[in-house]
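[1] Kindly return the folded structure for what I paste below:
(one chain, ligands or ions: 1)
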Amino acid sequence: MKNIDVVLKEALEYSRKYIDKGNVATYIPELAKVDKNMLGASIVTVEGKRYHIGDCQHEFTMQSISKTIALIYALEHIGSKIVFSKVGMEPSGDPFNSMAKLETKDKYPSNPFINAGAITVAGLIADKYEFEDYLAFTRRLCGRDSIEVDENVYKSESETGMLNRSMAFFMKNNGIIETDVEKTLEFYFKMCSVKVNTDDLSNYASILSYGGVEPKSGIRLIDKEVLIVTKSLMATCGMYDGSGEFAIRVGMPAKSGVGGGIIASAENKMGISVFGPALDVQGNSIGGYHFLEYLSKELGLHYFSGELAQKYRKKVI
Ligand code: DON
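    Numbers count the residues shown, from 1 in each chain. This next block holds a predicted model:
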C-alpha cells in the first residue's frame, strides 16, 4: 500500500479544486456561517494507527451522519422487527428531504437515512430512551467523552425545520410515528446537532471497518448483525440520490451530513472521515467526495477492487 501521509496530502490538493463548485447549506441558518473553504480528514486503521490532514480539529455538526448511530441504537435496543415495520430498506432515489413517497405506496419512508426515515427512528428511540443515553453511545463510538450538542445549531434547526415538522405530522397522521411529534423532533434535531471533528468520526468509522470492534481497545461496540444491516444501507442509501455514482467512483459504505462531514468504511482496512462544508446538489460534501475518490483509487479501497481475489490467486497458483 502507498504511504498514507503522502496520499492524504495529494488527496487534499486534488479535492480542494472542487470546493468552488459547491456551497454551504443555508436552509439551516446557523450552518450558513461556516467558511466553505475548509477541508480536512482523519483515518484510523484497523491496527489502530491514526492519520490526520487539514482542518481535522475543526468541530462541525454530524447532521445525517448521526442517522447511522440512531439506526444502530434502535436496532440494538428496540429490534429490527419493529424498526423495519416502520421504515423500508430501499434507496428512495429522491432528495434527502423529500416527502413525495410518503403519499404513495405503503406510506412508509423508503429507508432510515432519508429525513422521514430518520425522524421515524428518532421517534422510536425517544419513546423509550433519554437523549443522554443515545449521546453516551455516540461518545463511546467516537472515543471522546466531551462530545456535546451544539445548542446554536439545535435552536436554529428546531426554529426553521418546517419541512421536517410537516413530515413528522404527516407520518403521525398515518400512524407511522406513534410518539409525540415534538418529542420526536427534539430528539432528531439534537442528534443532528451533535458536534464532532474528523478525528472523532474516524474512530467511529474504524469500528464499522473492524467488524464492530474498536481497534484501539479490542472491545465490541456494535453487534455483528446490526453492523451488516447498517453498512449495507450505507452502501445503498448513504449518499442519497448520489449513492449509485458514489458506489462506482468511491466504493465504500458511507454516510454524509449537510454539516460537511462524510464517514466511509474500508472493510478490514480503515475508517475514514472527511470534512468540507461546501456541498454538491445532493447535499454531500463536494471536497469530501473527491477526497474519498482519490483515496479509494490510490489506496485500493474500493469494495470491488479485486484485491482479495488477487491475493487468493497468488496463494493457490
Ligand atoms: O434534517 C435535516 O435536514 C438535517 N438535520 C440533516 C440533513 C442532512 O444532513 C442531509 N445530508 N446530507
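[2] For Leu8, see how far away the residue nearest to Tyr210 when sequence neighbours are not counted is.
    Nearest non-adjacent residue to Tyr210, counting by Cβ to Cβ, 6 or more residues apart in numbering: Val46, 4.5 Å away. Where C-beta positions appear, they are placed from N, C-alpha and C, glycine not excepted. Val46 sits 17 Å away from Leu8, taking Cβ to Cβ, to the nearest Å as the criterion.
[3] Let me see the contact set for the residue nearest to Tyr210.
    Residues near Val46 by Cβ atoms under 8 Å, 6 or more residues apart in numbering: Ser206, Ser209, Tyr210, Pro215, Asn268, Lys269, Met270.
[4] and the first one, what element?
    Think Ser206. Here Ser206 is covered by helix 198-209, with elements defined by DSSP states H and E.
[5] Quick check: which helices or strands does that helix pack against?
    Counting contacts by 3 or more Cβ pairs under 8 Å, 6 or more residues apart in numbering; DSSP states H and E, helix 198-209 packs against strand 40-45, strand 50-54, helix 131-142, helix 224-237, strand 261-266, strand 270-275.
[6] Can I get these in JSON lines including mean neighbour count, mean pLDDT and distance to Gly244?
    Converted to JSON lines, the helices and strands packed on helix 198-209 look like this (neighbours: other Cβ atoms under 10 Å; pLDDT from 0 to 100; distance: least, Cβ to Cβ, whole Å):
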{"stretch": "strand 40-45", "mean neighbour count": "26", "mean pLDDT": "98", "distance to Gly244": "24"}
{"stretch": "strand 50-54", "mean neighbour count": "19", "mean pLDDT": "98", "distance to Gly244": "28"}
{"stretch": "helix 131-142", "mean neighbour count": "17", "mean pLDDT": "98", "distance to Gly244": "28"}
{"stretch": "helix 224-237", "mean neighbour count": "19", "mean pLDDT": "98", "distance to Gly244": "9"}
{"stretch": "strand 261-266", "mean neighbour count": "30", "mean pLDDT": "98", "distance to Gly244": "16"}
{"stretch": "strand 270-275", "mean neighbour count": "30", "mean pLDDT": "98", "distance to Gly244": "20"}
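[7] Which one, of those, ends up nearest to Met171?
    Met171 lies closest to helix 224-237 among the helices and strands packed on helix 198-209, at 18.1 Å (Cβ to Cβ).
[8] Please see if whichever helix or strand comes after that closest one touches the ligand.
    Downstream of helix 224-237, the next assigned helix or strand under DSSP H and E is helix 243-249. No - using Cβ under 6 Å from any ligand atom, helix 243-249 never reaches the ligand; the gap is at least 11.4 Å.
[9] Kindly report the same for stretch 228-237.
    No - residues of stretch 228-237 contacting the ligand under Cβ under 6 Å from any ligand atom: none, with a closest distance of 11.3 Å.
[10] and that stretch, how far from the chain's centre?
    11 Å (Cα atoms, centre = their mean, to the nearest Å).
[11] got the CA positions of that stretch in CSV?
    Provided in CSV are the C-alpha atoms of stretch 228-237 (Å, rounded to 0.1, in the frame of the first residue of the first chain):
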residue,chain,number,x,y,z
ILE,A,228,-24.3,-5.8,8.4
VAL,A,229,-27.6,-4.0,8.2
THR,A,230,-26.2,-0.6,8.8
LYS,A,231,-23.3,-0.9,6.4
SER,A,232,-25.5,-2.4,3.7
LEU,A,233,-27.8,0.6,4.0
MET,A,234,-24.8,3.0,4.0
ALA,A,235,-23.7,1.4,0.7
THR,A,236,-27.1,1.6,-1.0
CYS,A,237,-28.6,4.8,0.6
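[12] Compute the distance between Ile222 and the ligand, please.
    21 Å (Cβ to the nearest ligand atom, to the nearest Å).
[13] With Arg249 instead?
    17 Å.
[14] just Glu76 next, same as before
    From Glu76 across to the ligand, the span is 22 Å (Cβ to the nearest ligand atom).
[15] need the contact list for that residue.
    Applying Cβ under 8 Å, 6+ apart to Glu76 gives the contacts Ile222, Asp223, Val226.
[16] Which residue, neighbours along the chain excluded, lies closest to His52?
    Spatial nearest neighbour of His52, chain neighbours left out: Ser42 (4.9 Å); criterion: Cβ to Cβ, 6+ apart.
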